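Asks: With the input below, show me the fold.
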Amino acid sequence: MKKIISLFLGMITLSMLLLSGCGEAPKAESTDPASAPDIKAIKDRGTLKIGVKLDVPKFGFKNPTTGQVEGMEIDLSKALAKKILGDENKIDVQGVTAKTRGPLLDNGEVDLVIATFTITDERKQSYNFSDPYFTDGVGLLVKKSSGIQSLQDLNGKKIGVAQSATSKKAIQDAADKAGIKISFLEFGTYPEIKAALDSGRVDCFSVDGAILFGYLDDSTVILNDRYDPQKYGVASKKSNVALAKIVNDTINEMKQSGELDKLIQKWGLK
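Replies: A predicted model of the protein is given here:
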């Protein structure tokens, strides 16, 4: 009798083992960035929302004649939309300033910021940054009539900079090294700084050199010196890891293929 019971229990155990073996194996978590939640949200929406500058000629600028936003950073936005959505026209651009671009990323109103956003260790604590797609240095734009020819000539003068930009620290550090005293006025947009320079409210307009070229006219001159190299990166929300990877991979592919250099040349940035 004991043998019969043992045989019966053995058959039950074997059946349970076979049944458990026939169950669906646990699915391995996908490592494909294209299937990540942040990328799926963009694909479901059908557009890539990007924060760009509207007042920086050659980078991101709203053409007053056509009403279109154009520039190297717009072309870069299109390349990323093509990579993610298969169509370069599926971008939804929103104007940002140096002060608003971070908060717009934080609240999810834009997926990416591509807006002459300088990569710094402090900013990397808050956002993902791609490898740099452009490098420039902080420059100085002055009125020709001022006679100013160097940073030393700005001793005791007032310099206009953008709010929340890195230009102020770069020029202050250079002034400290040169042993001169300067002061700053901060503005929300670049056209406001240029207007302040034209009206005499400030003696100098300081921002990255390539941006200054967009505001150069017959009455002004850009000084030769450059300060504190500024590396521009594409920024994304810290939690959007898959999006950051696709952006970085795309930029590096564009570097290797020469496509990024073609964009820089197309817009006369080098």
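Asks: Next, count neighbours for Ser239.
Replies: Residues lying near Ser239 (other CB atoms under 10 Å) number 11. For glycine as for every other residue, the C-beta is placed from the backbone atoms N, C-alpha and C.
Asks: Point out where the stretch 1-150 of the chain drops to low pLDDT.
Replies: 1-31 (pLDDT under 70).
Asks: strand partners of the host helix or strand of Val161, parallel vs antiparallel please.
Replies: Using DSSP states H and E, Val161 sits within strand 158-162. Here strand 158-162 is paired, per DSSP bridges, with strand 183-187 (parallel), strand 204-208 (parallel).
Asks: right, so of these, which gets closest to Tyr127?
Replies: strand 204-208 (18.9 Å; CB to CB).
Asks: So for this protein, the centremost residue is which one?
Replies: By CA atoms, centre = their mean, the chain has its centre lying nearest to Val234, at 3.0 Å.
Asks: Distance of that one relative to Gly200?
Replies: To Gly200, Val234 is 37 Å away according to CB to CB, to the nearest Å.
Asks: Next: Ala244.
Replies: Ala244 is 44 Å from Gly200, by CB to CB.
Asks: So which of those two has more stuff around it?
Replies: Taking other CB under 10 Å, Ala244 and Gly200 do not tie; Ala244 has more neighbours (22 against 10).
Asks: residues contacting that one?
Replies: Residues near Ala244 by CB atoms under 8 Å, 6 or more residues apart in numbering: Asn128, Ser130, Ser236.
Asks: let's see it at 6 Å
Replies: Neighbouring residues of Ala244 by CB atoms under 6 Å, 6 or more residues apart in numbering: Asn128, Ser236.
Asks: can you map out the helices along this protein?
Replies: In the chain, the segments counted as helices under DSSP state H are 2-22, 37-45, 72-85, 101-106, 121-124, 167-178, 190-199, 209-212, 241-257, 259-266.
Asks: How many neighbouring residues does Asn155 have?
Replies: Asn155, neighbours per other CB under 10 Å, totals 12.
Asks: how close does it sit to Cys204?
Replies: 12 Å.
Asks: top strand in this protein by residue count?
Replies: strand 134-143 (DSSP state E).
Asks: contact partners of that one?
Replies: 148, 167, 170, 204-206, 208-210, 212, 220, 222-223, 226-232.
Asks: how about 7 Å then?
Replies: 148, 151, 167, 170-171, 197, 203-210, 212, 215-216, 219-223, 226-232, 264, 269 (CB atoms under 7 Å, 6 or more residues apart in numbering).
Asks: same deal with stretch 105-124?
Replies: 42, 48-53, 56, 59-60, 73, 76-77, 94, 96, 101, 104, 127, 129, 132, 166, 208, 211, 230-237, 243, 247.
Asks: that older thread, nearest to Phe184, out of the helices of the chain?
Replies: Closest to Phe184 of these is helix 167-178 (CB to CB; 5.5 Å).
Asks: and that closest one, average pLDDT?
Replies: The average pLDDT within helix 167-178 is 94.
Asks: Quick one: work out the angle between it and helix 190-199.
Replies: Helix 167-178 runs at 50 degrees relative to helix 190-199, counting by axes from the mean of the first three to the mean of the last three CA atoms, to 10 degrees.
Asks: can you give me how far helix 167-178 is from the chain middle?
Replies: Computed by CA atoms, centre = their mean, to the nearest Å, the chain-centroid distance of helix 167-178 equals 24 Å.
Asks: same check, this time on stretch 66-79
Replies: So, by CA atoms, centre = their mean, the centroid of stretch 66-79 is 14 Å from its chain's centroid.
Asks: What residues of stretch 241-254 count as buried?
Replies: Ala242, Leu243, Ala244, Lys245, Ile246, Val247, Asn248, Thr250, Ile251, Met254 (16 or more other CB atoms under 10 Å).
Asks: Many thanks, have a good one.
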